[in-house]
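Chemist: Just to be clear, the model below is a prediction. Sequence and coordinates:
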Amino acid sequence: MPEFKLSPSTSIHALKSFLNSNNFFDSKNSKTVVNFPERWLHIEPVGLVMLAAWGAWCKRTGKSIEAVNLTKKVGDYTARMKVFDHLDVKYDHQVLEHEEAGRFLPVKNIRDAKDVKDVIADVSVLLHLQDDLEALSAVQYCMSELLRNVLEHASSPDGAFVCAHNFHGKGPHRITLAVADCGIGITQHLSRAYPKVINDDLEAIRLSMLPGITGALPGVYGTPDNAGAGLFITRSMAKGLGGYFVLISGNAAYRLRRAKDNEQLTLLPDPFADRADRWKLPSAWLGTVAVIEIPIDKIGEYEGLFEWIRQQLPPKKQISKKVRFT
Amino acid sequence: MKMVITIIPGDNGFAEDKDSAKKIRLEIILPALERSDEIILDFTGVTSTTQSFIHALIGETLKRYGEDVLDRISFHHCNPQVQSIVSLVVDYSLGGFEAIEDEKPKKN
């Protein structure tokens, strides 16, 4: 039976055990279960968007969802993040909205370019970033690139699910942003142009993060509308800022680890050469999940981040003419 | 003739709408270059942008005309972030990515 089992800590940090303990998709059974832990639940955006996308998949494939152990103790935050709206699960407990109702973007379903614009417009207020334009720019950038990736490449009947949280208590001050879909996945998308990735989800994930790789056309640095650089730059931003970057698709997962300051100076084009984890999963995620952690305290000069990325990636052939900025 | 094209950003000065970038490329930039016009892309009011937006705006133009087109396009009022992204797109559109050479599918 398909089961979405939430670990007490469903977070980037504890991602491996969460992914390994799940059997998300099983098309043979019409009944599905979302299993909440009994005592406590710390769930981060990665778990929230996966749960919402999975709920949409269940609906689409005609499966009813039963929630097990859904007490107020473990359910309130999930309810505040509006996940149950996407699950067809009724949350019977009253949710207390705190006075400071915010610092998070609840789970939203994104189906077209207008939805992308709308959610980006909401970010500033919902994440309380009106006075932190550097952080706002970084979040907007990642949100736009990750959501448009889904709309353009994932062939997801349910679109994308996105949410974000501005963590400012214990641990590093950071914003975590997650996007999930139940579309065709990275392997199927890339295999049109790169047949070598068929049956190798981990290699597909690796290629998707290299600069210039796109499923739209083989080689030639992209199409008029896609360069194949989106995931490379998003990963580079995480590296430069010292945050996590996660990509899950099919039976594979990749997690760029938080970088120490002295490791951030060099950007390695090959994601597997970086300080990162990669796992083969016992149960596939039928689609793609992307997560980026943006450490706010390390943003410093956001404008300089892109110049750093550019300098780390010299072109293969030198260009003699200069770009004219006036 | 010189043609000024104003880039209109979305909320908070963020220019990310690839569809509008594509429309500008197809309906204004490429026809203007066909007529041998000079182009000024005016980024006044744009506080940040994405690589995808700039690629959709100028990537095809750079590939079609090569680096000589840089004599006919200028970028007006770009802040440092926008400048870096424009330069990045110019670099890979004209110079290619070193990192992916070994990954390209081999021709039989």
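Modeler: Perfect, thanks for sending it.

Chemist: Tell me where the model's unsure across chain B.
Modeler: Applying pLDDT under 70 to chain B picks out residues B:99-108.

Chemist: Tell me the residues on the stretch 1-150 of chain A that lie near chain B, please.
Modeler: Applying CB under 8 Å from any CB of the partner chain, one finds that the stretch 1-150 of chain A approaches chain B through A:113, A:116-117, A:120-121, A:124, A:133, A:136-137, A:140-141, A:144-145, A:148. All C-beta spots, glycine's among them, are computed from the backbone N, C-alpha and C.

Chemist: Need the max-distance pair from those residues.
Modeler: Taking CB to CB as the measure, those span a maximum distance of 23.9 Å, between A:A113 and A:L133.

Chemist: Could you identify the buried members of the residues of the stretch 1-150 of chain A next to chain B?
Modeler: A:113, A:116-117, A:120, A:124, A:133, A:136-137, A:140-141, A:144-145, A:148 (16 or more other CB atoms under 10 Å in any protein chain shown).

Chemist: Next, format those residues as JSON lines and append distance to A:M209.
Modeler: JSON lines is the format used below for these (distance: CB to CB, whole Å):
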{"residue": "A:A113", "distance to A:M209": "24"}
{"residue": "A:V116", "distance to A:M209": "22"}
{"residue": "A:K117", "distance to A:M209": "26"}
{"residue": "A:I120", "distance to A:M209": "23"}
{"residue": "A:S124", "distance to A:M209": "28"}
{"residue": "A:L133", "distance to A:M209": "28"}
{"residue": "A:L136", "distance to A:M209": "25"}
{"residue": "A:S137", "distance to A:M209": "22"}
{"residue": "A:Q140", "distance to A:M209": "21"}
{"residue": "A:Y141", "distance to A:M209": "16"}
{"residue": "A:S144", "distance to A:M209": "18"}
{"residue": "A:E145", "distance to A:M209": "12"}
{"residue": "A:R148", "distance to A:M209": "16"}
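
Chemist: where exactly do the strands run in chain B?
Modeler: Taking DSSP state E, the strands of chain B run over residues B:2-6, B:14-15, B:38-42, B:48-49, B:73-76.

Chemist: Extract the residue ranges of chain A that are flagged as low pLDDT.
Modeler: Within chain A, the ranges that satisfy pLDDT under 70 run A:97-102, A:216-222.

Chemist: same thing but 50
Modeler: A:99-101, A:218-221 (pLDDT under 50).

Chemist: burial of A:S249, as a residue count?
Modeler: 30 (other CB atoms under 10 Å in any protein chain shown).

Chemist: One more: A:I292?
Modeler: 31.

Chemist: ok now do it, which residues does it touch?
Modeler: A:142, A:146, A:176-177, A:234, A:237-238, A:243-246 (CB atoms under 8 Å, 6 or more residues apart in numbering or on different chains).

Chemist: among the residues you listed, which are in strands?
Modeler: Using DSSP E, the contacts of A:I292 in strands are A:176-177, A:245-246.

Chemist: And those, which is closest to A:V107?
Modeler: Comparing these against A:V107 with CB to CB places A:L177 closest, at 11.9 Å.

Chemist: shouldn't that closest one be in contact with A:F161?
Modeler: No. Between A:L177 and A:F161 there is no contact under CB atoms under 8 Å: 11.9 Å.

Chemist: A:A180 falls within a strand, correct?
Modeler: Yes. Checked against DSSP: H, G, I helix; E, B strand; the rest coil, A:A180 lies within a strand.

Chemist: any idea how far B:G59 is from it?
Modeler: 28 Å (CB to CB, to the nearest Å).

Chemist: and the two? which has more neighbours close in?
Modeler: Each of A:A180 and B:G59 has its neighbours counted (other CB under 10 Å); A:A180 has more, 33 against 26.

Chemist: OK, contacts around the more buried one?
Modeler: A:A180 neighbours (CB under 8 Å, 6+ apart): A:49-50, A:52-53, A:160-161, A:287-290.

Chemist: and it, bridged to which residues?
Modeler: A:F161, A:V289 (DSSP bridges).

Chemist: picking that back up, go through the contacts of A:I292 and name the one nearest A:L41.
Modeler: Among the contacts of A:I292, and counting by CB to CB, the member closest to A:L41 is A:T176, at 16.1 Å.

Chemist: now the strands for chain A?
Modeler: Under DSSP E, chain A gives strands at A:3-5, A:9-10, A:31-35, A:42-43, A:64-68, A:104-110, A:160-167, A:174-181, A:245-256, A:276-295, A:324-325.

Chemist: about what we covered before: which one, of the strands of chain B, ends up nearest to A:Q318?
Modeler: So among the strands of chain B, strand B:73-76 is nearest, using CB to CB, at 19.4 Å.

Chemist: contacting residues around the closest one?
Modeler: So strand B:73-76 is contacted by A:323-326, B:4, B:38-44, B:58, B:61, B:82-83, B:86 (CB under 8 Å, 6+ apart).
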